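Trainee: Provided below for reference: sequence and predicted model.
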2 protein chains.
Amino acid sequence: MSEGRPTISEVARRAGVSPATVSRVLNGTARVSQEKVRAVLQAVEELGYAPSPLAQGLATGRSYAVGILISDFASPFFGPILEALTLELEATPYRPIAVPGHWSLVRELEALEFLKVHRVEALVLLGTALDGEALGNLGIPILAFGQRIEGPKTWSLCLDNQKAAYQATRYLIDRGHTRIVHISSHRGGMDVRDRLLGYRKAMREAGLEARVVYGDLEEGGGYLAAEEAFRRYPDTTAIFTANDQTAFGARLYLYEQGLRVPEDVSLVGFDDVALSAYQIPPLTTVRQPIRDIGVTLGRALRAVLEGEVPTLPRLELTLVERASVREVGA
Amino acid sequence: MSEGRPTISEVARRAGVSPATVSRVLNGTARVSQEKVRAVLQAVEELGYAPSPLAQGLATGRSYAVGILISDFASPFFGPILEALTLELEATPYRPIAVPGHWSLVRELEALEFLKVHRVEALVLLGTALDGEALGNLGIPILAFGQRIEGPKTWSLCLDNQKAAYQATRYLIDRGHTRIVHISSHRGGMDVRDRLLGYRKAMREAGLEARVVYGDLEEGGGYLAAEEAFRRYPDTTAIFTANDQTAFGARLYLYEQGLRVPEDVSLVGFDDVALSAYQIPPLTTVRQPIRDIGVTLGRALRAVLEGEVPTLPRLELTLVERASVREVGA
DNA sequence: GCACGGGATGAAAGCGCTTGCAAGTGGGGG
DNA sequence: CCCCCACTTGCAAGCGCTTTCATCCCGTGC
């Protein structure tokens, strides 16, 4: 024994029925008499049978695989989203094939090709740089987050980044800050650009000078960007970053320069990554409902796979006030 | 057109050969004349043909899938390992199916079942609680990290956690600390226990009292554990945590209590997660060569899949001195 | 009592690919 | 000039499953 896993024919033989009947019982695709159902179920039980997804896929023309293109497994933002997303998929017959794009368009295209070859039935894009062009008409539904994509059977989960960034900037302005730097990035998708827009709008409205520098959305880039910011704008009193990782990097720079947060300079991040609450001081940041995003994507994915039109609930971005911002005296 | 993807027969027809020949050309399983090779290749090119892994799998009895059981996609430690690991697999025909076990034995068993059903050809365990028992004799090679597993065709990548923990504790002792708390955890595998052992050994040798409290290896647990530590041992001057996330949590507790790091209490972590260098102050911690671990596992996996015996190089744990420890006066 | 309808079931084809086997081809040696 | 061998190539079976189609059986209505 241990002759590999049992096949449907073995189950059929043992139950005294045909493979077709076993298939019908297992998939509930046709009425089968009580008696045979019982026999089949018992045989399945005894043999420990589980159908081969490969064979099923071949026969049905379906793969039951969904492709998830993620920018980076190591991301404290997308990682948890992936976590929630896969969790949501767990009770379904679909299995996620998650591949990282490593922030490189070339890799993303390769990864996409890989997923195409594997005949994924749907695609989830988590913060990639892919656009409608690159995706072409690959005939499967696409769900995107962190980027806006146009196309048939394509849905994007969009939060109002611009508004949130606007509010975060206002928050700083309302507390007396006028010399506010925004650390943005050329990396990242629409979201990051929207945040920049929100910042710009708030500054413009307040008649303040927009001070923008660019990082790479990671800690190292944040550090460098902060350095550049203070070189160019030494009198800066507040920094608003395009994401938390950038804020962490900036924070270190400030620390090394002996600049206290929030006494000397205030800091506001974006994302509310798990660690933001544990920064010193705890980081005031725009909270993205990470778990909800993952769950929402998961649900939408399920809907899409069932051929339905997904309903993407409106998710809100909210500023969570912690301790990295201080009110400056008039 | 756009009639789904082309099949091997279409390629064959176009190239004026049989499907068998196409297969042979593509897999290099037999000599084929120059001329036909060219014809096939051209047809493949023109049609944009790529073989279906499903069909290939069915025919060969292979799945080209490797299972990766990870404790948690959101982990700042395992996430990057997974990242490096998958990267290493990219140029191979194998595709990773990564499923999270969510720190729960039940889920891990479910996940394992899932992977078994999908006929993965090898299994990688990243910090799960599974032991030889649970794994049973599932006839495929297993690679483990962060846990020691016995069995045929089973290899564990083990770093000397005990020694590293011993050294980290000595580091603290050598700098004059005597009242050192270790925050361990009941979660996690052998590694975490080894760290506890290393701590104990160092304390014992120095004739110091072992002060151990337990967390959950995440920030929240670190916070709580630190709280408990100071309740039980108010005169503590140093904390050595079983991982960095725990240290982050403890750090916040200290901050909230107005205890300065390192002036009032020194802090040493374990892992050297990406963010450790960006803590305030930068965290002194035991560095695990995260990237190397991922790469090593990836290479070993490839070897194992080719039927070879993997060579697991010796990876070292080193203490990286940053700014969270101070020397206490005599 | 007979024809008919409908539900349960099995036989068989086929999903796209690989591979053992046999057939066909051409060249060299006897 | 014929035979044999080595090489290339196609045929066909089969991987494990689904699904169409035909068959069979039973109950019902006239």
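Mentor: Good, I have the coordinates. Residues are numbered from 1 along each chain as shown, chains lettered A, B, ... in the order given.

Trainee: which of the three states applies to A:F270?
Mentor: In terms of secondary structure, A:F270 is strand; the call rests on DSSP: H, G, I helix; E, B strand; the rest coil.

Trainee: just checking, it touches A:T241?
Mentor: Yes - distance between A:F270 and A:T241: 6.4 Å, which falls inside the contact criterion (CB atoms under 8 Å). In short, each C-beta sits where N, CA and C put it, glycine included.

Trainee: how far away is A:F270 from DNA strand D?
Mentor: From A:F270 across to DNA strand D, the span is 46 Å (CB to the nearest atom of the strand, to the nearest Å).

Trainee: A:R31: neighbouring residues, count only.
Mentor: Applying the criterion other CB atoms under 10 Å in any protein chain shown, we find 7 residues in the vicinity of A:R31.

Trainee: distance of it from DNA strand D?
Mentor: Between A:R31 and DNA strand D the computed distance is 12 Å (CB to the nearest atom of the strand).

Trainee: so what's the backbone phi/psi at that residue?
Mentor: For A:R31, the backbone dihedrals are phi -70, psi 140 (criterion: degrees, to the nearest 10).

Trainee: in a helix, A:A165, correct?
Mentor: Yes - with three-state DSSP as the criterion, A:A165 is part of a helix.

Trainee: re earlier: more neighbours: A:F270 and A:T241, which one.
Mentor: A:T241 (33 against 30).

Trainee: as a check, name the ranges of all helices in the stretch 101-250 of chain A.
Mentor: With DSSP state H, counting those that start in this stretch as the criterion, the stretch 101-250 of chain A has helices at A:105-117, A:132-135, A:161-174, A:190-205, A:219-232, A:244-256.

Trainee: so for the longest one, mean pLDDT?
Mentor: If you average the pLDDT over helix A:190-205, you get 96.

Trainee: what's the overlap in contacts for A:F270 and A:T241?
Mentor: Applying CB atoms under 8 Å, 6 or more residues apart in numbering or on different chains, one finds that A:F270 and A:T241 are jointly contacted by A:A247.

Trainee: domains for chain A, by residue range?
Mentor: Using automatic domain parsing, the domains assigned to chain A come out as A:8-51, A:65-159+A:291-305, A:161-288.

Trainee: right, and those - which one's nearest B:L315?
Mentor: With CB to CB as the measure, domain A:65-159+A:291-305 is the member of the domains of chain A nearest B:L315 (18.6 Å).

Trainee: was I right to think A:A111 contacts A:I70?
Mentor: No - here A:A111 lies out of contact with A:I70, judged by CB under 8 Å, at a distance of 9.1 Å.

Trainee: what's the overlap in contacts for these two?
Mentor: Joint contacts of A:A111 and A:I70 (CB under 8 Å, 6+ apart) are A:99-101.

Trainee: for the residues you listed, which one is nearest B:T237?
Mentor: Using CB to CB, the shared contacts of A:A111 and A:I70 come closest to B:T237 at A:P100, 42.4 Å.

Trainee: pull the residues that contact the least confident helix or strand in chain A by mean pLDDT.
Mentor: Sorted by mean pLDDT, DSSP states H and E, the helices and strands of chain A end with helix A:132-135, the least confident at a mean of 77. The list of residues contacting helix A:132-135 from outside it, by CB under 8 Å, 6+ apart, reads A:105, A:108-109, A:112, A:123, A:142, A:149-151, A:154.

Trainee: show me how to select, in PyMOL, the buried members of the shared contacts of A:A111 and A:I70.
Mentor: Of the shared contacts of A:A111 and A:I70, the buried ones go into a single PyMOL selection, burial set by 16 or more other CB atoms under 10 Å in any protein chain shown:
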select buried, chain A and resi 99+100+101
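
Trainee: flag the shaky bits of chain A, pLDDT-wise.
Mentor: A:1-3, A:330 (pLDDT under 70).

Trainee: point out the residues in it that sit beside DNA strand D.
Mentor: Near DNA strand D, the residues belonging to chain A are A:4, A:7-9, A:19-20, A:22-24, A:26-27, A:29-30, A:49, A:51-52, A:55-56, A:58-60 when assessed by CB under 7 Å from any atom of the strand.

Trainee: now, the residues you listed that are in helices?
Mentor: Counting by DSSP state H, the members of the residues of chain A next to DNA strand D that fall within helices are A:8-9, A:19-20, A:22-24, A:26-27, A:55-56, A:58-60.

Trainee: what subset of those is buried?
Mentor: With burial judged by 16+ other CB under 10 Å, the buried subset of these is A:8, A:22-24, A:26, A:56, A:58.

Trainee: quickly name whichever of the residues you listed is closest to B:S185.
Mentor: If you rank these by distance to B:S185 using CB to CB, A:Q56 comes first, at 41.0 Å.

Trainee: against A:A229, how distant is that closest one?
Mentor: The gap separating A:Q56 from A:A229 is 56 Å, by CB to CB, to the nearest Å.

Trainee: ok, now A:A111?
Mentor: Summarising the geometry, the distance separating A:A111 from A:A229, computed by CB to CB, is 34 Å.

Trainee: so which of the buried ones among the ones in helices among the residues of chain A next to DNA strand D reach DNA strand C?
Mentor: Among those, proximity to DNA strand C is found for A:24, A:58 (CB under 7 Å from any atom of the strand).

Trainee: need the max-distance pair from the buried ones among the ones in helices among the residues of chain A next to DNA strand D.
Mentor: Taking CB to CB as the measure, those reach their widest spread between A:R24 and A:L58, a distance of 18.3 Å.

Trainee: what's the local residue count around A:R13?
Mentor: Look at A:R13: counted by other CB under 10 Å, it has 15 neighbours.

Trainee: which one of the contacts of helix A:132-135 is nearest DNA strand C?
Mentor: Ranked by distance to DNA strand C (CB to the nearest atom of the strand), the contacts of helix A:132-135 are led by A:L112 at 18.7 Å.

Trainee: my read is that the closest one contacts A:L130, right?
Mentor: Yes - at 6.9 Å, A:L112 and A:L130 qualify as touching, with contact defined as CB under 8 Å.

Trainee: around DNA strand C, which positions in chain A sit nearby?
Mentor: A:16-21, A:24, A:30-33, A:35-36, A:55, A:58-59, A:61.

Trainee: mind running it again at 6 Å?
Mentor: A:17-21, A:30-33, A:36, A:58-59 (CB under 6 Å from any atom of the strand).

Trainee: out of these, the closest to A:E83 would be?
Mentor: Lowest distance from A:E83 to the residues of chain A next to DNA strand C (CB to CB) belongs to A:L58, with 30.9 Å.

Trainee: residue contacts, the closest one?
Mentor: Contacts for A:L58 were tallied using CB under 8 Å, 6+ apart; they are B:52, B:54-55, B:58.

Trainee: now do 6 Å
Mentor: B:54-55, B:58 (CB atoms under 6 Å, 6 or more residues apart in numbering or on different chains).

Trainee: next one: A:Q147
Mentor: If a contact means CB under 6 Å, 6+ apart, then A:Q147 has A:189-190 as its contacts.

Trainee: picking that back up, need the winner for burial among the helices of the stretch 101-250 of chain A.
Mentor: Per residue and on average, the most neighbours among those fall to helix A:244-256, with a mean of 26 (mean count of other CB atoms under 10 Å in any protein chain shown).

Trainee: report how many residues lie close to the closest residue to A:I81 other than its chain neighbours.
Mentor: What sits nearest to A:I81 in space, not counting adjacent residues and going by CB to CB, 6 or more residues apart in numbering or on different chains, is A:G294, at 4.3 Å. For A:G294, the count of nearby residues is 25 (other CB under 10 Å).

Trainee: list the residues that contact A:G294.
Mentor: When contacts are counted by CB under 6 Å, 6+ apart, A:G294 touches A:81, A:84-85.

Trainee: can you list those residues in JSON lines and add secondary structure and neighbour count?
Mentor: What follows is those, written out as JSON lines (DSSP: H, G, I helix; E, B strand; the rest coil; neighbours: other CB atoms under 10 Å in any protein chain shown):
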{"residue": "A:I81", "secondary structure": "helix", "neighbour count": "29"}
{"residue": "A:A84", "secondary structure": "helix", "neighbour count": "20"}
{"residue": "A:L85", "secondary structure": "helix", "neighbour count": "29"}
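
Trainee: return the member of these nearest to DNA strand C.
Mentor: Proximity of these to DNA strand C was ranked by CB to the nearest atom of the strand; the top entry is A:L85 with 28.9 Å.
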